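Peer 1: Okay, predicted coordinates and the sequence, questions at the end:
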Amino acid sequence: MIALGIHGGVTIHQHDPGAALVIDGKVVAVCEEERYTRIKQSRGHFPTRSIRACLRLANIRFEDIDVVVSPGETYKDYAAVLESYLRHTFGGVKRIELVHHQLAHLAGAFYGSDFDEATCLSLDGFGDGLSGVLGRATRKGGIEILERRPTSNSLGTFYELLTSYLGFDPGDEYKVMGLAPYGRPIYDLSAITRVTTDNFDIDQTFFRSDPPLRSPFEPQFGPSLPALLGQPRRLPGSELTTFYKDVAASAQAAFEACLSAALLRLNGLAPSSKLVLSGGCALNCTAVGQVITSGQYDDLYVGPGSSDRGLPLGCAYLGAAMLGDRPQPLPHAYMGSEYGNDSIRSELIANGIAFRHVDDVAEAAAKLLDHQKIIGWHQGRSECGARALGSRSILASAADPGMKDKLNARIKFREEFRPFAPAVLAEEAHEVFDMAGHASPFMTATFQATETWRSRIPSVVHVDGSSRVQTVAKAANPLFHELLNNLRALNGQPLAINTSFNVKDQAIVETPRDALMTFFGCGLDALVVGNFVVEKAP
């Protein structure tokens, strides 16, 4: 049986639309609309291109789909609107099911894991009238919601509030997280978020209400927040003074306290040694790393699409269960589109680009990195989720202490305080980072670099000694694993800087043409795309 999960297209508030396809319980494709529209987050877009990409990958027709599942359980008349659109665009649909936004988050995380049972927590801004749910799940019994959190008590909107105050755009919460280690958590934010032993409460008087918000691009906060903190909002692009760094640190500390309280509450409702986290709040990799290293749980799973990017997969899993199939774990993140050597060669020739063919691309790329070249790496099926995981990546040596500044100045054009992440051989990761026996295949948690390695890899160690680690297993991505293995043989380091193949405010590249446009539009030294290498003249 075939289940298609989709998300997006309702309002400008909806971001990160996409589609996912599950056939006989197995994940076949997960595609994100921004990769095809080239518009980051693609707010308000229906995932038409993603659906078509899923169909191509599975080699099926739309009429072969048995059920289409979408969030929007609480949206008035949405099923009729969705049916009309699908009939107009694809010719018809057999069955439509609407599910709750938060349930889709939990389904993507739990069924994506390999756990037989787990406690489940979803926390985000809002969706279908809730900001989060606490639950438990088993493979046989499905997912049970134990407690619901209203949008008036949203940990996600609390962090959005401070993100807006600090001068960043909607969706830039990760910048606050990156800025926080440069400051001290000295500001008392308990007036905004009151934390008890096992709960938290967000005071809505700090949010703008007059006039009410109509768009995520409007100011989130009302006059109470600048009054509480004693200074006006930081204007975008202005200096990040010590005050704003301390506010970021204080916001992160308050976030972590709220998450700890929610987990304590969840443990009281459904004790388990296994936890799955989802929703936009699960993208806070610093907090996730602290949960892992605390030892509170034996196993923790955060999928590659824990934010709204993961809703299509959760919906597809729920659709598979509705059809009587048993949802199978997500084997890896590489579920997007792929481009063969013939199409890549045609693109290179059509654009008059000089290139060379190599039989061993992993060896060629490793040699470039060993010579301190910064390369674009475009291989295989694109990864799903917010992180580049070795299919659409920019790679560089972690040994060069100046590499972070080179990447920011020549290629990424982003804020200097933001750290870069390492991709490390899974079998070597625990020598380089204190990971408490855990893997991190989706780059969803930070870990401290060991004392032995900290000085050897300065470009991937943040100011607080942490790194957002991706562990690369041979079974998940054999080519990327081989590249890192070759690099270790050349310079003794089993890792490289791995950042997304894009420049600031653009979506991660999808096609070979996207890769070429980005390559020639920034300071990359070389591009390794399929079995071809393109280099700029010295």
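Peer 2: It's in.
Peer 1: How about residue 21: which residues does it bridge to?
Peer 2: Note on residue 21: beta-bridge partners residue 4, residue 29, judged by DSSP bridges.
Peer 1: Just to check, it is in contact with residue 57?
Peer 2: Yes - between residue 21 and residue 57 there is a contact under C-beta atoms under 8 Å: 7.3 Å. Where C-beta positions appear, they are placed from N, C-alpha and C, glycine not excepted.
Peer 1: Now do the shared contacts for these two.
Peer 2: Any residue near both residue 21 and residue 57 by C-beta atoms under 8 Å, 6 or more residues apart in numbering counts here, and that gives 28-29.
Peer 1: Just want to know which of these two has more residues nearby.
Peer 2: residue 21 (28 against 18; other C-beta atoms under 10 Å).
Peer 1: How much space separates the more buried one from residue 42?
Peer 2: According to C-beta to C-beta, to the nearest Å, residue 21 and residue 42 sit 19 Å apart.
Peer 1: Also residue 484?
Peer 2: Counting by C-beta to C-beta, the separation of residue 484 from residue 42 is 32 Å.
Peer 1: More neighbours: which of these two?
Peer 2: When neighbours are counted by other C-beta under 10 Å, residue 484 comes out ahead of the other of residue 484 and residue 42, with 29 against 25.
Peer 1: Next one, pLDDT for the spatially closest residue to the more buried one that is not a sequence neighbour please.
Peer 2: Residue nearest to residue 484 in three dimensions, not counting chain neighbours: residue 425, with 5.1 Å by C-beta to C-beta, 6 or more residues apart in numbering. On the pLDDT scale, residue 425 is placed at 98.
Peer 1: again, but for residue 10
Peer 2: Each residue has a pLDDT score; the one for residue 10 is 86.
Peer 1: just checking, it touches residue 78?
Peer 2: Yes - using C-beta under 8 Å as the test, residue 10 is close enough to residue 78 to be in contact (7.1 Å).
Peer 1: shared neighbours, those two?
Peer 2: Where contact means C-beta under 8 Å, 6+ apart, the residues bridging residue 10 and residue 78 through contact with each are residue 72.
Peer 1: Figure out the helix or strand that the residue nearest to residue 290 when sequence neighbours are not counted lives in.
Peer 2: Using C-beta to C-beta, 6+ apart and skipping residues adjacent in sequence, the residue nearest residue 290 is residue 256, 6.5 Å away. Taking DSSP states H and E as the criterion, residue 256 maps to helix 242-269.
Peer 1: which sections of the stretch 301-450 of the chain are below the confidence cut-off?
Peer 2: Applying pLDDT under 70 to the stretch 301-450 of the chain picks out no residues at all.
Peer 1: Try it again at 90.
Peer 2: Low-confidence regions of the stretch 301-450 of the chain, defined here as pLDDT under 90, cover residues 399-401, 405, 408-409, 412-419, 436-437.
Peer 1: Would you map the helices across it?
Peer 2: Defined through DSSP state H, counting those that start in this stretch, the helices belonging to the stretch 301-450 of the chain, from first to last, are 311-322, 341-350, 361-370, 403-407, 429-432.
Peer 1: Return the most buried member of the ones you listed.
Peer 2: Mean neighbour count (mean count of other C-beta atoms under 10 Å) peaks for helix 311-322 among these, with a mean of 29.
Peer 1: Let me see the domain layout of the chain.
Peer 2: 2-102+310-322, 114-302, 341-535 (automatic domain parsing).
Peer 1: Those: which one's closest to residue 332?
Peer 2: Among those, domain 341-535 comes nearest to residue 332, with 4.1 Å by C-beta to C-beta.
Peer 1: returning to what we had before: can you give me the buried ones in the helix holding residue 256?
Peer 2: Judged by neighbour count using 16 or more other C-beta atoms under 10 Å, the buried positions of helix 242-269 are 244-263, 265-267.
Peer 1: again, but for stretch 499-512
Peer 2: Within stretch 499-512, the residues that qualify as buried are 499-503, 506-512, counting by 16+ other C-beta under 10 Å.
Peer 1: taking those one by one, which sit in helices?
Peer 2: Among these, the subset assigned to helices under DSSP state H consists of residue 512.
Peer 1: so which of the buried residues of stretch 499-512 comes closest to residue 71?
Peer 2: Checking those one by one against residue 71 (C-beta to C-beta), the nearest turns out to be residue 507, at 21.8 Å.
Peer 1: wait, what's in contact with the nearest residue to that closest one once chain neighbours are set aside?
Peer 2: With sequence-adjacent residues excluded and distances taken as C-beta to C-beta, 6+ apart, residue 507 is closest to residue 34, at 4.2 Å. With C-beta under 8 Å, 6+ apart as the criterion, the residues that contact residue 34 are 16-17, 40-42, 507-508.
Peer 1: Could you do residue 419 as well?
Peer 2: With contact set as C-beta under 8 Å, 6+ apart, residue 419 has these partners: 178, 404, 460-463, 466-468.
Peer 1: hmm, back to that, could I get the contacting residues of the residue nearest to residue 290?
Peer 2: Residues near residue 256 by C-beta under 8 Å, 6+ apart: 286-287, 290.
Peer 1: need those residues in TSV with neighbour count, pLDDT and secondary structure, can you?
Peer 2: Listed next are the contacts of residue 256 as TSV, based on neighbours: other C-beta atoms under 10 Å; pLDDT from 0 to 100; DSSP: H, G, I helix; E, B strand; the rest coil:
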residue	neighbour count	pLDDT	secondary structure
286	20	96	helix
287	22	97	helix
290	16	94	helix
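Peer 1: hang on, the earlier thing: tell me which of the domains of the chain sits most buried.
Peer 2: domain 2-102+310-322 (a mean of 21).
Peer 1: Span of that one from start to end?
Peer 2: Domain 2-102+310-322 stretches 11 Å from its first residue to its last (C-alpha to C-alpha, to the nearest Å).
Peer 1: what about it, distance to the chain center?
Peer 2: Offset of domain 2-102+310-322 from its chain centre (C-alpha atoms, centre = their mean, to the nearest Å): 19 Å.
Peer 1: and the most centrally placed residue in the chain, what does it touch?
Peer 2: Centroid-nearest residue in the chain, with C-alpha atoms, centre = their mean: residue 386, separated by 2.8 Å. With contacts defined as C-beta under 8 Å, 6+ apart, residue 386 is in contact with 283, 304-305, 307, 309.
Peer 1: Of the residues you listed, which is the nearest to residue 364?
Peer 2: residue 304 (27.3 Å).
Peer 1: where along the stretch 151-300 of the chain do the helices fall?
Peer 2: Per DSSP H, counting those that start in this stretch, the stretch 151-300 of the chain has helices spanning 155-165, 173-179, 224-229, 242-269, 285-294. These are given in chain order.
Peer 1: In JSON lines: these, plus distance to residue 278.
Peer 2: Formatted as JSON lines, the entries for those read as follows, by distance: least, C-beta to C-beta, whole Å:
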{"stretch": "helix 155-165", "distance to residue 278": "12"}
{"stretch": "helix 173-179", "distance to residue 278": "16"}
{"stretch": "helix 224-229", "distance to residue 278": "28"}
{"stretch": "helix 242-269", "distance to residue 278": "13"}
{"stretch": "helix 285-294", "distance to residue 278": "11"}
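Peer 1: Ok, which of those comes nearest residue 354?
Peer 2: Between residue 354 and the helices of the stretch 151-300 of the chain, the shortest gap by C-beta to C-beta is with helix 173-179, which sits at 37.1 Å.
Peer 1: Does anything pack onto that closest one? Which helices or strands?
Peer 2: Contact analysis of helix 173-179 by 3 or more C-beta pairs under 8 Å, 6 or more residues apart in numbering; DSSP states H and E lists helix 155-165, helix 242-269 as its packing neighbours.
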